[in-house]
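Enquirer: Sequence below, structure please.
(one chain, ligands or ions: 1)
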Amino acid sequence: MEKQKTLVELQSFGARLDVPVGDRGRCGGAGPSDDKAFLLDGMPAMVPTLGDFAQESPYAVIRSDDGKYSVTSNGRPVMPVEFVSTPKFYDLKTKDGILYKEIAVLHGLDVLATTVSQRCVRWRRDGERCHFCAIENSLDSGATISLKTPDQLAEVAEAAVRLDGIKHMIMTTGTMNYHDMGVKYLINCTLAIKNIVPELGIQVQFEPPENLDDMKLLYEAGVEAVGIHLESFSQDTRERITPGKATISIERYFEAFKKAVGIFGRNQVSTYIIVGFGDSEESIVEGCRQIAELGVYPFVVPLRPLMGTPLENVRPQSQN
Ligand code: SF4
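Expert: Predicted coordinates:
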């Protein structure tokens, strides 16, 4: 239990890196970000390391005389930690000179992750941006490119499988339009990747498309799992924190969940539920119970206040 508590708290509070451990973390992004892959007693986890709140965390990384790293809590060692070495595919470039790591990055041990479109129609439109999201900030920092083509993604995926043993790929995207939301572009990306590395498991993430039958085309292209992220079971919270996404009702999300489970199967459909917007524990547990009954896997994650977002000064939740 103590170990689980530490794992949860590390992902919520983050950790200070008081010693050099290579890249300190990746900045910006649409999902959890400003983080670094930790191997905590052998278990991979993405731990925030960059935000101000991580600098105030009770957790820190130290290096002992034998060169090994540990996580400490208020100065007391609690767990050994190792860091995933930089993957070999990070050194490569496309023919037009784009670094592969600007197209996709390693998450954890064997997952390749990319944000296919680093632009989002909601992020740019007044009153629609999700308050926790930093998707276009990564473009300002030059860490990535705005749109990855199907061919670029296939090229990087092939190298990541061959050189680094990548087994899964996650493709998320900024919302590309108000109709298919980007699903058709994700289908083209999947077809290109599966054509070169058919064994690579692919999960894609998107808002519910206007025509839910578009999800069948994703399945036929080779997608094994999908993420359709609701973030909160409270419409009031959604209107406050994700005002653009909240124009798609919770009922419509449930329709999309049912349709997706029918296509991809139980537990092949997931949704992020974010703790830290003020929703009660009871409402979160009840909402998760309802979607789990449908066959949807709820990923309950702590709010991670990202730099450069309206929520950057919010402090992370404690476990209690
Ligand atoms: S829909 Fe919201 S969370 Fe998704 S990319 Fe756009 S602003 Fe970010």
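Enquirer: What pLDDT does the model give the residue lying closest to residue 127 once chain neighbours are set aside?
Expert: What sits nearest to residue 127 in space, not counting adjacent residues and going by Cβ to Cβ, 6 or more residues apart in numbering, is residue 243, at 5.6 Å. Where C-beta positions appear, they are placed from N, C-alpha and C, glycine not excepted. Note on residue 243: pLDDT of 98.
Enquirer: can you check the one 3 residues further on too?
Expert: Model confidence at residue 246, given as pLDDT, is 98.
Enquirer: Let me see the contact set for it.
Expert: Counting by Cβ atoms under 8 Å, 6 or more residues apart in numbering, residue 246 touches 235, 238-239.
Enquirer: hang on, the earlier thing: check which helix or strand the residue nearest to residue 127 maps to.
Expert: Under the criterion DSSP states H and E, no helix or strand holds residue 243.
Enquirer: Next up, the contacts around it.
Expert: Taking Cβ under 8 Å, 6+ apart as the test, what residue 243 contacts is 127-130.
Enquirer: Look up how far residue 174 lies from it.
Expert: Taking Cβ to Cβ, to the nearest Å as the measure, residue 243 falls 16 Å from residue 174.
Enquirer: before we move on, what about residue 108?
Expert: From residue 108 to residue 174 the distance is 23 Å (Cβ to Cβ).
Enquirer: Compare those two and say which one has the larger neighbour count.
Expert: residue 174 (23 against 15; other Cβ atoms under 10 Å).
Enquirer: For that one, which non-adjacent residue is closest in space?
Expert: The nearest residue in space to residue 174 (Cβ to Cβ, 6+ apart) is residue 120, at 3.0 Å.
Enquirer: ok, of the contacts of residue 246, which come out buried?
Expert: Buried members of the contacts of residue 246, scored by 16 or more other Cβ atoms under 10 Å, are residue 238.
Enquirer: helix/strand/coil for the closest residue to residue 90 other than its chain neighbours?
Expert: The spatially closest residue to residue 90, leaving aside those adjacent along the chain, is residue 101, at 4.4 Å (Cβ to Cβ, 6+ apart). Here residue 101 is recorded as helix under DSSP: H, G, I helix; E, B strand; the rest coil.
Enquirer: Show me which residues of the stretch 201-320 of the chain sit near the ligand.
Expert: Where the stretch 201-320 of the chain comes near the ligand, counting by Cβ under 6 Å from any ligand atom, the residues are residue 245.
Enquirer: Which parts of the chain are strands?
Expert: 16-17, 35-40, 43-48, 59-63, 69-73, 76-83, 105-107, 111-115, 168-172, 201-205, 225-227, 269-275, 296-302 (DSSP state E).
Enquirer: which one in this protein is furthest away from the centre?
Expert: residue 65 (34.9 Å; Cα atoms, centre = their mean).
Enquirer: Could you give the backbone dihedrals for that one?
Expert: phi -60, psi -30 (degrees, to the nearest 10).
Enquirer: can you tell me how far the closest residue to residue 203 other than its chain neighbours sits from residue 87?
Expert: Spatial nearest neighbour of residue 203, excluding adjacent residues (Cβ to Cβ, 6+ apart): residue 225 at 4.2 Å. Between residue 225 and residue 87 the distance is 22 Å, computed by Cβ to Cβ.
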